[in-house]
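*Asks:* what follows is a predicted structure for the sequence shown.
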Amino acid sequence: MKDLDARLLAAHAAGDTPALISLYVEASETAVEPTAKAFYLTHAYVFALEAGDPAAHDLKTKLSEMGRL
């Protein structure tokens with residue numbers, strides 16, 4: 001997770017929205033607790049919405065299936 005945290009920080013610093021989306025999805029997939037999974041997936045969803053990324057639709061579906069929307 002340390003490497004993932006470093007990549008997330010670097011993507012934030014660079015303002016790299018596509019990387020942030022994929023990294024937050026990756027973080028949600030590696031998280032163990034459901035709350036952590038939802039937290040990271042929500043971040044991915046918000047960045048996707050802001051960027052107009054088509055991944056937002058799938059992310060919304062996943063969050064909905066988790067009962068988070």
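*Replies:* The structure has been received and is ready for your questions.

*Asks:* packing partners for the longest helix belonging to the chain?
*Replies:* For the chain, the helix with the greatest residue count under DSSP state H is helix 34-51. Counting by 3 or more Cβ pairs under 8 Å, 6 or more residues apart in numbering; DSSP states H and E, the packing neighbours recorded for helix 34-51 are helix 17-30, helix 55-65. For every residue, glycine as well, the C-beta is placed using N, CA and C.

*Asks:* residues contacting it, please?
*Replies:* 17-18, 20-22, 24-25, 27-29, 31, 53, 55-56, 59-60, 62-63, 66, 68 (Cβ atoms under 8 Å, 6 or more residues apart in numbering).

*Asks:* buried subset of those as a ChimeraX selection?
*Replies:* Those of the contacts of helix 34-51 that count as buried under 16 or more other Cβ atoms under 10 Å are selected in ChimeraX with:
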select :17,20,21,22,24,25,27,28,31,53,55,56,59,60,62,63,68
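
*Asks:* circling back to that earlier point, buried sites along the longest helix of the chain?
*Replies:* For helix 34-51, a neighbour-count test (16+ other Cβ under 10 Å) marks 37-38, 40-45, 47-48 as buried.

*Asks:* what angle sits between it and helix 55-65?
*Replies:* 150 degrees (axes from the mean of the first three to the mean of the last three Cα atoms, to 10 degrees).

*Asks:* what average pLDDT does helix 34-51 get?
*Replies:* Regarding helix 34-51, the rounded mean pLDDT is 97.

*Asks:* so how far is it from its chain's centroid?
*Replies:* 4 Å (Cα atoms, centre = their mean, to the nearest Å).

*Asks:* one step back: how about the buried residues of helix 34-51 in CSV, adding distance to Leu8?
*Replies:* Formatted as CSV, those follow (distance: Cβ to Cβ, whole Å):
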residue, distance to Leu8
Lys37, 15
Ala38, 17
Tyr40, 9
Leu41, 14
Thr42, 14
His43, 9
Ala44, 11
Tyr45, 15
Phe47, 11
Ala48, 15
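
*Asks:* which one of those residues is nearest to Ala11?
*Replies:* Phe47 (9.6 Å; Cβ to Cβ).

*Asks:* pretty sure Ala55 contacts Pro18?
*Replies:* No. If you go by Cβ atoms under 8 Å, Ala55 and Pro18 don't touch, sitting 9.3 Å apart.
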